[in-house]
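Visitor: Model the structure of this input:
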Amino acid sequence: MESPVELSIGRETWNEWHLLNLSGKFVVKSFNSVRSVFEELELLQNPNVAVDLSKVSQIDSSALTIILNLQKRLKA
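Guide: Below you'll find the predicted structure:
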């Protein structure tokens, strides 16, 4: 049996920046954990967003695609 995918999400604001601090495994199975945070950011007008991946122990190509898609939506 596979162990649950754990991803911790910290969120803070600095000046006009929204900082997302991710730690743990960021894989496609953990997308539901970040979905609500990403949706909140999309509602803001022209948000500046930084994603800190320095404490991510594992990331897959689907998770990278999720971040790139968020970037495209925020710039639209």
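
Visitor: Name the residues of the helix or strand bottoming out on mean pLDDT in the chain that come out as buried.
Guide: Within the chain, no helix or strand scores below helix 31-43, which has a mean of 86 by mean pLDDT, DSSP states H and E. The neighbour-count check on helix 31-43 (16 or more other Cβ atoms under 10 Å) flags 33-34, 37-38, 41 as buried. For glycine as for every other residue, the C-beta is placed from the backbone atoms N, C-alpha and C.

Visitor: what's the answer for stretch 22-33, then?
Guide: 22-27, 30, 33.

Visitor: Please apply the same query to stretch 60-67.
Guide: For stretch 60-67, by 16+ other Cβ under 10 Å, it's 63, 66-67.

Visitor: how about CSV for the residues you listed, with pLDDT, secondary structure and distance to Q45 added?
Guide: What follows is the buried residues of stretch 60-67, written out as CSV (pLDDT from 0 to 100; DSSP: H, G, I helix; E, B strand; the rest coil; distance: Cβ to Cβ, whole Å):
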residue, pLDDT, secondary structure, distance to Q45
A63, 91, helix, 26
I66, 89, helix, 22
I67, 90, helix, 21
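
Visitor: Give me the contacts around the least confident helix or strand of the chain.
Guide: Helix 31-43 is contacted by residues 7, 9, 11, 18, 20, 22, 26, 47, 49, 62-63, 66, 70, 73-74 when judged by Cβ atoms under 8 Å, 6 or more residues apart in numbering.

Visitor: which one of those is nearest K55?
Guide: For those, the closest approach to K55 (Cβ to Cβ) belongs to L22, at 7.0 Å.

Visitor: That closest one: what secondary structure?
Guide: Under DSSP: H, G, I helix; E, B strand; the rest coil, L22 falls in the strand class.

Visitor: Isn't it up against Q58?
Guide: No. L22 lies out of contact with Q58 (Cβ atoms under 8 Å); the separation is 11.1 Å.

Visitor: quick one: the residue nearest the centre of the chain from N15, how far?
Guide: The chain has V34 as the residue nearest its centroid, 5.4 Å off, counting by Cα atoms, centre = their mean. Per Cβ to Cβ, to the nearest Å, V34 is found 23 Å from N15.
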